[in-house]
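[1] this one's structure only:
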């Protein structure tokens, strides 16, 4: 799959972050968020909102958000702590390392899907979380994003950037190499799942061959004359021969 460069991803305004972190393109805020858990959590039979659902924020107050799931159309009030606001498609506000791993390990994501979050271990700094596949092993790698005194960001000291957007652009280019290669921002569940594709049934042509019209002697002659390339397996031939043998024994006893 081709590499995606972040400057081509549609961006939304960033309200909380400083201009030196992200460079919004002036588009109006889309108020996008993602569910960090199933909700309501006390119901195991049915959830209004599911982990990884893309949410549109309709309104908010100090404690609750009124959201609409783009996958189901369900609306509900949900606590702030159950969701994360998403900026620029790849910056996930206020999530933990565990949250990042849960989202990136959802089935719709693949190797190279990523997000950037605030660091829990180093407040004020950021971390890059990337899903990686190595053979049958699927995991999420976390890279600390360091910051220089002048505010520039870097993962590798020889590659500093004035904004996180520039950092994402650089590591999204295929020419960078295998280190921390980014393919696409963490994918959210934002469409109604389509029915699983099932292959068309195989049409079997009914044979006009009628075994009842054949005599036992004719079938035996056919069985004896079959070679190794016959469509009738050796096991079937042995079964048929055994049947005829038992049938003859039974007729002799009668």
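    Great, that's in hand. Computed from a prediction, not measured in an experiment: that's the story for all the values here.
[2] Please count neighbours and contacts with C-alpha atoms only from this point.
    OK.
[3] Show me what the longest strand belonging to the chain packs onto, helices and strands only.
    Longest strand in the chain, counting residues (DSSP state E): strand 137-147. Applying 3 or more CA pairs under 8 Å, 6 or more residues apart in numbering; DSSP states H and E, one finds that strand 137-147 contacts strand 126-134, strand 153-154.
[4] closest to residue 111 out of those?
    When the helices and strands packed on strand 137-147 are compared by CA to CA, strand 126-134 sits nearest residue 111, at 4.6 Å.
[5] tell me which residues of the closest one are tucked away?
    For strand 126-134, the neighbour count (16 or more other CA atoms under 10 Å) marks 126, 127, 128, 129, 130, 131, 132 as buried.
[6] Among these, show me the least confident.
    Lowest pLDDT among these: residue 132, with 92.
[7] Quick check: it vs residue 61, distance?
    Distance of residue 132 to residue 61, given as CA to CA, to the nearest Å: 37 Å.
[8] hang on, the earlier thing: I'd like the buried residues of strand 126-134 written out as a markdown table, with distance to residue 156 added.
    A markdown table is the format used below for the buried residues of strand 126-134 (distance: CA to CA, whole Å):
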| residue | distance to residue 156 |
| --- | --- |
| 126 | 14 |
| 127 | 13 |
| 128 | 12 |
| 129 | 15 |
| 130 | 16 |
| 131 | 19 |
| 132 | 19 |
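[9] Of all the helices and strands packed on strand 137-147, which one is nearest residue 99?
    Closest among these, once you apply CA to CA, is strand 126-134, at 10.5 Å.
[10] phi, psi of residue 82?
    Main-chain dihedrals, residue 82, degrees, to the nearest 10: phi -90, psi 0.
[11] State the distance from it to residue 107.
    Taken as CA to CA, the span from residue 82 to residue 107 is 20 Å.
[12] same deal with residue 126?
    Distance from residue 126 to residue 107, by CA to CA: 25 Å.
[13] if we can go back for a sec, nearest to residue 172, of the buried residues of strand 126-134?
    Nearest member of the buried residues of strand 126-134 to residue 172, counting by CA to CA, is residue 130, at 11.7 Å.
[14] Tell me how the chain divides into domains.
    In terms of domains, the chain is parsed into 6-185, 212-253 (source: automatic domain parsing).
[15] Any idea which of those domains has the lowest pLDDT on average?
    Ranked by mean pLDDT, the domains of the chain bottom out at domain 212-253, with a mean of 58.
[16] what about residue 147, how many residues close to it?
    18 (other CA atoms under 10 Å).
[17] same thing with the one 10 residues further on?
    Neighbour count for residue 157, taken as other CA under 10 Å: 10.
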